[in-house]
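> Would you be able to build a 3D model of this:
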Amino acid sequence: MGVYTNDGVIIAKVMKDLLNSWDKKPVDILLDDLGAVAPSMMLQQLSAAQKKKAYVNGSYIGVWNFAVYMRVACNDTKSRLDATACLSDLADWLTAVDANGNFEHLPEIDTDRTATSMALTATPSVAARYENGTEDYQMMMSLEYFTRRN
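Numbering: from 1, shown residues only. Okay, the predicted model is just below:
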């Protein structure tokens, strides 16, 4: 069993801002609110941030797991493929690295916490279908970060 932290509160805010800086997003991405009207998108924390590795001085490597959801009005297969493609494009953007292997789109958390990597942990897929024809799609990701303590 891991040790959990309250870092998720801070990370959720900066992650929402980062997601909304993505120029290909079809709508603003909200926090924990998918909304009733399609299209819509949201960011959701999946669990509390967890310490992956702790150091003697109190510093630690943390992991914050999250999902991005997209609600669409699905009329056909093309609509479904467009929804998964949008989330796949977002995942590609979040995990993009430069020629030196450095991540290009990590959030700036704060002076004590530095994002170090991002990984897709579950590929985009359908999460729910509703009688009104809307469908929810999701992808799951993990952000790793380092917290400095003196």
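> So the residue of the chain positioned farthest from its centre: helix, strand or coil?
In the chain, the greatest distance from the average C-alpha position (Cα atoms, centre = their mean) is reached by Val56, at 29.9 Å. For Val56, the reduced secondary structure class is coil; criterion used: DSSP: H, G, I helix; E, B strand; the rest coil.
> buried set for the biggest helix by length in the chain?
When the chain is parsed with DSSP state H, its longest helix is helix 77-94. Of the residues in helix 77-94, those with enough neighbours to count as buried (16 or more other Cβ atoms under 10 Å) are 80, 82-84, 86-87, 90-91, 93-94. For every residue, glycine as well, the C-beta is placed using N, CA and C.
> rewinding a little: so the residue farthest from the centre of the chain versus Arg71, what's the distance?
Between Val56 and Arg71 the distance, using Cβ to Cβ, to the nearest Å, works out to 46 Å.
> distance between stretch 26-34 and the chain's centre?
Using Cα atoms, centre = their mean, to the nearest Å, we find the averaged C-alpha position of stretch 26-34 to lie 12 Å away from the chain's own average C-alpha position.
> in it, what's buried?
By 16+ other Cβ under 10 Å, the buried positions in stretch 26-34 come out as 29-30, 34.
> ok, those residues vs Lys16, which is closest?
The nearest member of the buried residues of stretch 26-34 to Lys16, counting by Cβ to Cβ, is Ile29 at 6.4 Å.
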